[in-house]
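Colleague: build me a structure from this.
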Amino acid sequence: MFSSRFPWRAEPNALSRLLAEKQAAGVAVIDLTESNPTRAGFSYEWDEIAAALGDPRSAVYEPSPAGLLEARQQVAAYYAARGVAADPAGIFLTASTSEAYSYVFKLLCDPGDEILIPAPSYPLFEHLAGLEAVRTVTYPLHFDQGWLLDVEAIRERLTPRSRAVVVVHPNNPTGSYLKAAEWRELSALCQRHGLAAISDEVFADFAFEPDPQRQTTLAGTEGPLVFVLSGLSKVAGLPQMKLGWIVVAGARDVRRQAAARLEWIADTFLSVASPVQWALPRLLAVGAEVRGQIRARTGRNLERLRAAATPETRVLPPEGGWYATIQAPRVRSEEEWVLGLLARHHVLVQPGFFYDFPAEAFLIVSLLPAPEWFDEGVRRLRIEFVEVAGRGME
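Modeller: This next block holds a predicted model:
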């Protein structure tokens, strides 16, 4: 009766079951997986946000497939402030980056076609692609004093059904940015094989340090067809506002062809609410202050996490984003680590296999939690690491 595209899993995993038991028992769990900035103690100008959403122009319905021109011009201004020219005619507003992916997959793929995605990376891609009847093929990121994109590994995985390569800039959870030299190689590969590039740049504003080797953005680039995705969820720390965008880049002719087809897809859905479109200039202005708070918080928490590392553990160096990766001793599986931390210390972290890490044992923590909670959670993590080491690593 139901579509096979729906990846239904009836049974919760062991970590979900244990967490539900803790919550039912009233145990205070320190959540080091928190990804929602509105629950992490940041200060927002809520009066300004409410006023922005009350713009009387929202009372008139003006359907525009790509989004209101005024709102798209604000997105273009966001990129102009970063030294990048983005034509509003090539910008499309969506309800989220997830919807943006669905539009791009619809545009590029027939059922059974393939999209290449990085590993490790965020586990949402497989579900989004599956709901469009598209297959995902993973390509590896390699770690050697930093994460490296292996263009040759991408080439080896291409088939006649390959349609696009996804890069996450910076990656979640590794925090690694695409470098300019890597983009030159990948751009040439995409052009040679007729592939599009999809650049997920939702965390692009959250670098810990500048890097002259970094590719700033793929917006405004020439060459292969490119779709840059971002939105208010991370840019302004406002996931509840439900506004994302696609910026189309690449050679002029193919860019125009893609934009014409995207407009047809967007016209079918018309999903972005008018109030958030009219509010966009003020929401982006409010978001600048929130981004500063988030950068200060994540930088501070990263230093605390590094200071708490034991001789047997290592914090892999992220370049940006909201997450950090801990390499733990392989005397336990990742599942044993996360279940043990939750059972004994009431601390929730995520295992690396959630993100397709190729080997044991990696633990993923969010850098968003309020300092007092983060410090206590890290203190308990260190206790577990020290106790394991004291038992001769079991």
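Colleague: did I read that right, residue 299 in a helix?
Modeller: Yes: Residue 299 sits within a helix when classified using DSSP: H, G, I helix; E, B strand; the rest coil.
Colleague: I figured it was touching residue 207, is that so?
Modeller: No: the criterion here is C-beta atoms under 8 Å, and residue 299 misses it with residue 207 at 10.0 Å. Yep, even glycine has a C-beta here, placed from its N, CA and C like the rest.
Colleague: who's more crowded, these two?
Modeller: Neighbour tally, residue 299 and residue 207, criterion other C-beta atoms under 10 Å: the higher count belongs to residue 207, 18 against 15.
Colleague: relative to residue 85, how far out is that one?
Modeller: If you measure residue 207 against residue 85 using C-beta to C-beta, to the nearest Å, the figure is 21 Å.
Colleague: just checking, what packs against the host helix or strand of residue 248?
Modeller: Residue 248 belongs to strand 244-249 when assigned by DSSP states H and E. If contacts are counted by 3 or more C-beta pairs under 8 Å, 6 or more residues apart in numbering; DSSP states H and E, strand 244-249 sits against helix 69-80, strand 91-94, helix 97-108, strand 226-231, helix 252-269.
Colleague: residue 303 is nearest to which of these?
Modeller: Among the helices and strands packed on strand 244-249, the nearest to residue 303 by C-beta to C-beta is strand 226-231 (26.9 Å).
Colleague: now do the helix or strand just after that closest one: distance to the chain's middle.
Modeller: Per DSSP H and E, the first helix or strand lying C-terminal to strand 226-231 is helix 232-235. Remark: helix 232-235 is offset 10 Å from the chain centroid, using C-alpha atoms, centre = their mean, to the nearest Å.
Colleague: who touches helix 232-235?
Modeller: 78, 96-97, 202-203, 205-206, 238-239, 241-244, 276, 280, 283-284, 287, 291, 322 (C-beta atoms under 8 Å, 6 or more residues apart in numbering).
Colleague: residue 301: neighbour count?
Modeller: Count around residue 301 with other C-beta under 10 Å applied: 25.
Colleague: could you pull out the buried residues of stretch 294-312?
Modeller: Neighbour-count burial for stretch 294-312, with 16 or more other C-beta atoms under 10 Å as criterion, is recorded at 294-295, 297-298, 301-302, 305, 308-309.
Colleague: again, but for stretch 280-289
Modeller: The neighbour-count check on stretch 280-289 (16+ other C-beta under 10 Å) flags 280, 282-284, 286-287 as buried.
Colleague: narrow the contacts of helix 232-235 to those that are buried.
Modeller: For those, buried by 16+ other C-beta under 10 Å: 78, 96-97, 202-203, 205-206, 238, 241-244, 276, 280, 283-284, 287, 291, 322.
Colleague: helices or strands next to the longest strand anywhere in the chain in the packing?
Modeller: Under DSSP state E, the strand in the chain containing the largest number of residues is strand 135-143. Applying 3+ C-beta pairs under 8 Å, 6+ apart, one finds that strand 135-143 makes contact with strand 114-119, helix 124-130, strand 147-149, helix 151-156.
Colleague: just these: most buried one?
Modeller: Comparing those by mean neighbour count (mean count of other C-beta atoms under 10 Å), strand 114-119 ranks first with a mean of 23.
Colleague: and that one, what's its mean pLDDT?
Modeller: Here strand 114-119 scores 98 as its mean pLDDT.
Colleague: starting at the chain centroid, how far to it?
Modeller: Distance, stretch centre to chain centre, for strand 114-119: 14 Å (C-alpha atoms, centre = their mean).
Colleague: and it, C-alpha only, in PDB?
Modeller: Included here for strand 114-119 are C-alpha records, laid out as PDB according to Å, rounded to 0.1, in the frame of the first residue of the first chain:
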ATOM      1  CA  GLU A 114      22.600   9.000  -8.400                       C
ATOM      2  CA  ILE A 115      23.900  11.800  -6.200                       C
ATOM      3  CA  LEU A 116      27.400  11.600  -4.700                       C
ATOM      4  CA  ILE A 117      27.500  12.600  -1.000                       C
ATOM      5  CA  PRO A 118      30.500  12.900   1.400                       C
ATOM      6  CA  ALA A 119      31.200  10.500   4.300                       C
END
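Colleague: that strand vs strand 135-143, what angle?
Modeller: 30 degrees (axes from the mean of the first three to the mean of the last three C-alpha atoms, to 10 degrees).
Colleague: sheet partners, orientation included, of strand 114-119?
Modeller: strand 135-143 (parallel), strand 162-168 (parallel) (DSSP bridges).
Colleague: of these, which is nearest residue 341?
Modeller: Closest among these, using C-beta to C-beta: strand 135-143, at 23.0 Å.
Colleague: quick one: contacts of the closest one?
Modeller: Here strand 135-143 has contacts from 112-121, 125-126, 129-130, 147-150, 153-154, 157, 159, 161-162, 165, 171, 174, 176, 316, 356, 358, using C-beta under 8 Å, 6+ apart.
Colleague: ok, stretch 313-322 next?
Modeller: Looking at what lies outside stretch 313-322 - C-beta under 8 Å, 6+ apart - the contacts are 35, 143, 145-146, 170-177, 203-204, 206-209, 211, 214, 234, 294, 298, 302, 305-306, 309, 324-329, 362, 366-368, 385.
Colleague: could you turn the buried ones of those residues into a PyMOL selection?
Modeller: Applying 16+ other C-beta under 10 Å to the contacts of stretch 313-322, the buried members can be selected in PyMOL as follows:
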select buried, resi 143+170+171+172+173+174+175+176+177+203+204+206+207+208+214+234+294+298+302+305+309+324+325+326+327+328+329+362+366+367+368+385
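Colleague: so of the contacts of stretch 313-322, which ones are in helices?
Modeller: Mapping those onto helices (DSSP state H) picks out 234, 294, 298, 302, 305-306, 385.
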